[in-house]
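>>> structure for this input, please:
(2 chains)
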Amino acid sequence: MGISRGHVELLQFLRDRTAVIFTFAFPAMLLLLFGTIFGDQYTDAGVSASHVFSASMIAYGILSTAFVTMGAGLATDREDGTLKRLHGTPITATSYVLGKLILVFALSVGEVILLVGAGALVFDMSLPDLSHWMTFAWLFLLSVTTCSLLGMAVSGIVKHARTAGAILNVPVVALQFISGVFIYPVTQLPSWLIQVASFFPVKWMAQGFRYVFLPDVMKDQEPAGQWELGRIALVLGAWCVIGLVACLMTFRWSRDK
Amino acid sequence: MNAIDVRGLRKSYRGTEVVRGIDLEVARGEVFALLGPNGAGKTTTTEILEGHRRRDGGDASVLGADPATAGPQWRARIGIVLQDADDAADLTVAEMVRHIAGFYPDPRPAAEVIELVGLTAKSKSRIRSLSGGQRRRLDVALGIVGRPELLFLDEPTTGFDPQARRQFWDLIRELAAEGTTILLTTHYLEEAAVLADRLAVLADGRIVAEGTPATLGGRAAEAAKVSWRDNGVLRTEQVDDPTELLRKLVATDADLRSLTVTRPTLEDIYLELIGGDK
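Numbering: from 1, shown residues only, chains lettered A, B, ... in the order given. Next up is the predicted model:
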């Protein structure tokens, strides 16, 4: 049933052109803009700013495909009767969520291919070796899961599906700025702001993706002067648990209290 | 065992009691109509029995289980026709019916259900493009695709044109003939009168009358009004049993071309019950 939900979720998503453009192509468009505008700036290590953006922007892509899609999707399903319809059938909540996760993972994989592809083809970023891809795999899994769970949890407090996109984008945009997704190098930010950002997952996601796609010398540009992979796993893992608990506490089939 | 057994059902929203102690029994295979004006508590009652809402008080047993805690196996045995859903707008009719059918252990074939509700010509159309009445027919299709033992229909024909309503009634009769128990809510009197084996009138969260369409509210026992013309003069008499009076009239040479015997219509009784003259 979960797989059947996933199939239907994907079909519906792909048939809704606005959703495809906004969640999917928007991060790629920003990457092209930022990369082009700042592309001729180089770090001391000789790395183009466009590569830094290509890596950091994957965090944005995942926020968009996982956090926003999940949060807005759940709010819409609650409002248009999807959840009510399903709750009248033998499907379980687990299968429903599984369907959403299939959608989110499919979109996130597509988004990463789009962003890395743009980085590689347009900005000539070289692709990492196998061991970096291994890091990418767990980082990607953890990031998408965390963002999806948090999106689901937040959807509980979104009242209307129409405003869900706007509301969900507030933390997305704010966190990206203070987490240095749009700012390079991150250390330009006031240190107290970096400390605030360090409480949230986005900073760690972006940092992890920079580790995967940038040369090792770039770690000097990070706030700690290192990649801090262990800490990235720890913070994302903690948010994953927080998200899961929040979901279990707030998920309801209907608006009835 | 009854399909539905309800005792003292209560539900409040923010301190306002909308269901105030309802008792209901619906036998297996019966078509039961809950009739009442908007806001009488029909939808709330139905949603509690469907497992969509929690009750504040009373006992409820639906197909032998408590709807508040019953699980997927129980849901496989009921069918719900939603009143106001606009989900799955980007899927086609056939895709949606097949998708929902896949959740049930022994579903009807999708094409058969679509044919039953008269949407075959639309089966490849996006749900978004359906008219209001077509959309409701799809909801009916999704409600019956799992071969439910008990079907909930909450104001199913709102927005139907007269022809679609007739076709829908035929479909309900077919389902009832197959042995499906049906709980129907409606504010159309004639619909309840035509379809239901038994009906209850709900007003202000309480059941104010219960019976068959013929006996509701003591309709059979109400005084009959007999009118005829006697030498061109209209005569009218109220009697409990018109038999004796009619015998007398036939024996005389009264002009009986204009004879009428009327009892209060179901509508008269209904309006009286729900306090429509207030």
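>>> could you point out the longest helix in the chain?
No chain in the question, so chain A it is. If you go by DSSP state H, chain A has its longest helix at helix A:93-122.
>>> sorry, I should have been clearer: chain B.
Ordering each helix of chain B by length in residues (DSSP H) puts helix B:162-177 first.
>>> outside of that one, which residues touch it?
With contacts defined as Cβ atoms under 8 Å, 6 or more residues apart in numbering or on different chains, helix B:162-177 is touched by B:29, B:31, B:116-118, B:133, B:137, B:140, B:144, B:151, B:153, B:156-157, B:160, B:182, B:184, B:191, B:194-195. No exception for glycine: its C-beta is placed from N, CA and C like everyone else's.
>>> can you give me the helices for chain A?
For chain A, the helices defined by DSSP H occupy A:2-15, A:17-19, A:26-38, A:49-62, A:69-80, A:82-87, A:93-122, A:130-155, A:161-178, A:191-197, A:201-213, A:229-250.
>>> can I get these in JSON lines with mean pLDDT and distance to chain B?
Listed next are the helices of chain A as JSON lines, based on pLDDT from 0 to 100; distance: least, Cβ to the nearest Cβ, whole Å:
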{"stretch": "helix A:2-15", "mean pLDDT": "86", "distance to chain B": "4"}
{"stretch": "helix A:17-19", "mean pLDDT": "81", "distance to chain B": "10"}
{"stretch": "helix A:26-38", "mean pLDDT": "85", "distance to chain B": "20"}
{"stretch": "helix A:49-62", "mean pLDDT": "87", "distance to chain B": "23"}
{"stretch": "helix A:69-80", "mean pLDDT": "88", "distance to chain B": "5"}
{"stretch": "helix A:82-87", "mean pLDDT": "91", "distance to chain B": "4"}
{"stretch": "helix A:93-122", "mean pLDDT": "90", "distance to chain B": "8"}
{"stretch": "helix A:130-155", "mean pLDDT": "91", "distance to chain B": "16"}
{"stretch": "helix A:161-178", "mean pLDDT": "83", "distance to chain B": "11"}
{"stretch": "helix A:191-197", "mean pLDDT": "86", "distance to chain B": "37"}
{"stretch": "helix A:201-213", "mean pLDDT": "88", "distance to chain B": "31"}
{"stretch": "helix A:229-250", "mean pLDDT": "89", "distance to chain B": "17"}
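>>> and those helices as JSON lines, adding distance to B:Ala224 and mean neighbour count?
Converted to JSON lines, the helices of chain A look like this (distance: least, Cβ to Cβ, whole Å; neighbours: other Cβ atoms under 10 Å in any protein chain shown):
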{"stretch": "helix A:2-15", "distance to B:Ala224": "59", "mean neighbour count": "18"}
{"stretch": "helix A:17-19", "distance to B:Ala224": "65", "mean neighbour count": "12"}
{"stretch": "helix A:26-38", "distance to B:Ala224": "74", "mean neighbour count": "17"}
{"stretch": "helix A:49-62", "distance to B:Ala224": "77", "mean neighbour count": "27"}
{"stretch": "helix A:69-80", "distance to B:Ala224": "52", "mean neighbour count": "24"}
{"stretch": "helix A:82-87", "distance to B:Ala224": "47", "mean neighbour count": "22"}
{"stretch": "helix A:93-122", "distance to B:Ala224": "58", "mean neighbour count": "19"}
{"stretch": "helix A:130-155", "distance to B:Ala224": "61", "mean neighbour count": "20"}
{"stretch": "helix A:161-178", "distance to B:Ala224": "57", "mean neighbour count": "17"}
{"stretch": "helix A:191-197", "distance to B:Ala224": "83", "mean neighbour count": "15"}
{"stretch": "helix A:201-213", "distance to B:Ala224": "78", "mean neighbour count": "26"}
{"stretch": "helix A:229-250", "distance to B:Ala224": "61", "mean neighbour count": "16"}
